[in-house]
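K.L.:
build me a model:
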Amino acid sequence: MKIVGVGAGPNLLTGEAISAIENATVIFGSKRAIELAKEHIRCKTWEITDYTLDSLPKEAVVLSTGDPMLSGLGKFARTGDEVIPGISSMQIACSRLHLDISSISIITAHSRDLNAAKKRLVTGLRSGKKVFFIPDPAFGVNELAGLLKSECLTRNISVCERLAYTDERIVTGSTEKPPAAESDLYCIVISS
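P.N.:
Okay, the predicted model is just below:
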């Protein structure tokens, strides 16, 4: 099986990803991932919602939005599977905000242990790192700002929405006045 990153938005497919998609015999992916790759798809596609991938055939190409190894489907790769990277929302956010990726701590709260994510967030910020944060519906911008206030951490908070789409939006606020997210497709960057 190949797990192929299709990028965080339109026009972000790498040459390697395009080749894997164009040569696939069967493709699986979310509706959004299939949409991002549609101009290169030449075979039958199957929309999936169960992301364990255990029952998929060996020859399957599985599309993963963003990069498969950043909160993506790469975590389900089996021994012998190939993972083809994609351009992630973190890479785009860092480029747009002019942040060196090596200065970033990456934390995913989406479908994860929220208490562990909160602890890692606070630890990262206290160690002087900027944080790239993938929120969870139960822990978004306002909850994050509330946590930072309770920990006496005053920081800039940037909401990066629909990165690489024509309606991309990046707005920066603070712990005291956090920016509002206007869509479900967003990430957060916390900096000093």
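
K.L.:
okay, the nearest residue to Leu148 once chain neighbours are set aside: pLDDT?
P.N.:
Excluding its sequence neighbours, the residue lying closest to Leu148 (C-beta to C-beta, 6 or more residues apart in numbering) is Thr175, at 4.6 Å. Placement of C-beta: from N, CA and C, glycine included. pLDDT, the model's per-residue confidence, is 96 for Thr175.

K.L.:
wait, Thr175 touches Cys152, no?
P.N.:
No - in this structure Thr175 lies outside contact range of Cys152 using C-beta atoms under 8 Å: 9.4 Å.

K.L.:
so which of the two has more stuff around it?
P.N.:
Counting neighbours by other C-beta atoms under 10 Å for Thr175 and for Cys152 shows that Thr175 has the greater number, 19 against 7.

K.L.:
contacting residues for the more buried one?
P.N.:
145, 148-149, 153-155, 157 (C-beta atoms under 8 Å, 6 or more residues apart in numbering).

K.L.:
do the same with Ser192
P.N.:
130, 155-156.

K.L.:
filter the residues you listed down to the buried ones, PyMOL style.
P.N.:
Typed into PyMOL, the line below selects the buried ones among the contacts of Ser192, using 16 or more other C-beta atoms under 10 Å:
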select buried, resi 130+155+156
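
K.L.:
just give me the closest of the contacts of Ser192 to Gly140.
P.N.:
Arg155 (15.8 Å; C-beta to C-beta).

K.L.:
I am finished for the moment; much appreciated.
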